[in-house]
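> Give me a 3D structure for the following:
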Amino acid sequence: MSRRDPPSLLSLAVDSALHHISNFSDLSPLPDHVLLDLFLKTLQAGKLNEKILKLFIATDCDEILALIKKLKIRPILTPVLPTRCRFDFG
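Residues are numbered from 1 along each chain as shown. Predicted coordinates for the structure are as follows:
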């Protein structure tokens, strides 16, 4: 019979962060290795959306930015239309 080790505190913290990822407004205080683990788990869980992608991009973590580029993940660019037109066409 093999003995199974309990999960580490770091693993439990990353899992909890993944569960509450939509509530975060800034991930930059996290160390790069934790950010990378959280990003990979976010992808696996299918929780990556526009808001969460922007959170990870804002961390400026080289490993995450390289992975985003490698996977060809791009934020959705929404065009901004002018609300007023002050051009004189006549």
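> quick one, what contacts residue 55?
Residues in contact with residue 55 (CB atoms under 8 Å, 6 or more residues apart in numbering) are 21, 24-27. For every residue, glycine as well, the C-beta is placed using N, CA and C.
> just for the protein, where's the confidence low?
1-2, 82, 84-90 (pLDDT under 70).
> Now do the helices in it.
Applying DSSP state H to the chain gives helices spanning 9-19, 32-45, 50-58, 62-70.
> Including distance to residue 79, could the ones you listed go into TSV?
Shown next, in TSV, are these (distance: least, CB to CB, whole Å):
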stretch	distance to residue 79
helix 9-19	32
helix 32-45	27
helix 50-58	15
helix 62-70	22
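> nearest to residue 76, of those?
Closest approach to residue 76 among those is made by helix 50-58 (5.7 Å; CB to CB).
> So for that closest one, what gets flagged as buried?
52-53, 55-56 (16 or more other CB atoms under 10 Å).
> Return it as PDB; C-alpha atoms alone will do.
Taking C-alpha atoms only, helix 50-58 is exported to PDB below (Å, rounded to 0.1, in the frame of the first residue of the first chain):
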ATOM      1  CA  GLU A  50     -10.600  38.600 -21.500                       C
ATOM      2  CA  LYS A  51     -10.400  40.100 -18.000                       C
ATOM      3  CA  ILE A  52      -8.200  37.300 -16.600                       C
ATOM      4  CA  LEU A  53      -5.900  37.500 -19.700                       C
ATOM      5  CA  LYS A  54      -5.400  41.200 -19.100                       C
ATOM      6  CA  LEU A  55      -4.500  40.400 -15.400                       C
ATOM      7  CA  PHE A  56      -1.800  38.000 -16.500                       C
ATOM      8  CA  ILE A  57      -0.500  40.400 -19.200                       C
ATOM      9  CA  ALA A  58      -0.300  43.200 -16.700                       C
END
